[in-house]
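Chemist: Got a predicted model here, sequence first, then my questions.
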Amino acid sequence: MSILPIVTWPDPRLSQVCEPVRDPATLTDLVQDMFDTMYNAPGRGLAAPQVGVMQRVFVMDPTWKDGDRTPYVCINPEIVISGDTVAKNTEACLSIPGVSADVIRPTEITLAYTDLDGTRQETWLTGFAATCAQHELDHLNGIVIFDRLSPEVRAALETEYAALT
């Protein structure tokens with residue numbers, strides 16, 4: 001398939017809420033290209049707006065760097081349950097290369113989504129998989145890691161990022 005160009009911050013598409021997918025079957029080629037792009041980057045998750053497609057779909061494979069591949073295709077995803085425990089984790093983003101940030105998120109979630117076959121799924125995710133899914137879902141809602149930081153930390157990281165670009 002194809003390696004797609006990754007949209008980088010501050011591209012305005014990264015701040016827009018994506019449109020719901022009407023027909024999951026139309027996404028087969030896009031999803032394959034997104035996986036090819038994600039693995040090539042190399043990342044563990046990639047949302048459609050990061051490749052310029054403003055639809056509610058992301059792919060992730062939270063374990064491939066540490067072992068077997070466990071790919072997920074999440075169409076029209078939503079968090080239906082968030083655990084009460086939160087943790088601070090360092091997150092990086094393919095759309096903000098060279099910068100990472102400490103982000104606080106729930107450590108466990110139930111993610112509901114539609115797969116490529118049009119079947120609705122619910123998956124309980126913990127640890128890094130939960131963090132990854134929340135990060136990618138943020139992209140579908142026009143949120144990047146900078147938006148999850150205090151104004152002071154955000155300003156410092158934006159300055160660091162500007163020096164890299």
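Modeler: Good, I have the coordinates. Residues are numbered from 1 along each chain as shown.

Chemist: Show me what secondary structure element comes after the strand ranked longest in the chain.
Modeler: Under DSSP state E, the strand in the chain containing the largest number of residues is strand 72-82. Note on strand 72-82: by DSSP states H and E, the next helix or strand toward the C-terminus is strand 86-92.

Chemist: what's the angle between the following helix or strand past that following strand and strand 86-92?
Modeler: Remark: after strand 86-92, the chain's next helix or strand is strand 100-106, criterion DSSP H and E. Computed with axes from the mean of the first three to the mean of the last three Cα atoms, to 10 degrees, the direction of strand 100-106 lies at 150 degrees from that of strand 86-92.

Chemist: Any idea how many residues pack against residue 39?
Modeler: The tally of other residues near residue 39 (other Cβ atoms under 10 Å) stands at 18. All C-beta atoms are positioned from the backbone trio N, CA, C, and that covers glycine.

Chemist: so which strand or helix has it?
Modeler: Using DSSP H and E, residue 39 maps to helix 28-40.

Chemist: list the buried ones in that helix?
Modeler: Neighbour-count burial for helix 28-40 flags 30-31, 33-39 (criterion: 16 or more other Cβ atoms under 10 Å).

Chemist: Name all residues that make contact with residue 118.
Modeler: When the contact criterion is Cβ atoms under 8 Å, 6 or more residues apart in numbering, the partners of residue 118 are 24-25.

Chemist: And for residue 5, nearest residue in space, chain neighbours not counted?
Modeler: residue 51 (7.1 Å; Cβ to Cβ, 6 or more residues apart in numbering).

Chemist: Next: residue 101.
Modeler: Computed as Cβ to Cβ, 6+ apart, the closest residue to residue 101 that is not its neighbour in sequence is residue 145, at 4.7 Å.

Chemist: Per-residue confidence, that neighbour, what does it come out as?
Modeler: At residue 145, the model reports a pLDDT of 97.

Chemist: how deep is it tucked in, by neighbour count?
Modeler: Residue 145 sits with 23 neighbouring residues when counted by other Cβ under 10 Å.

Chemist: Does it touch residue 103 like I think?
Modeler: Yes: counting by Cβ atoms under 8 Å, a contact exists between residue 145 and residue 103, whose distance comes to 5.8 Å.
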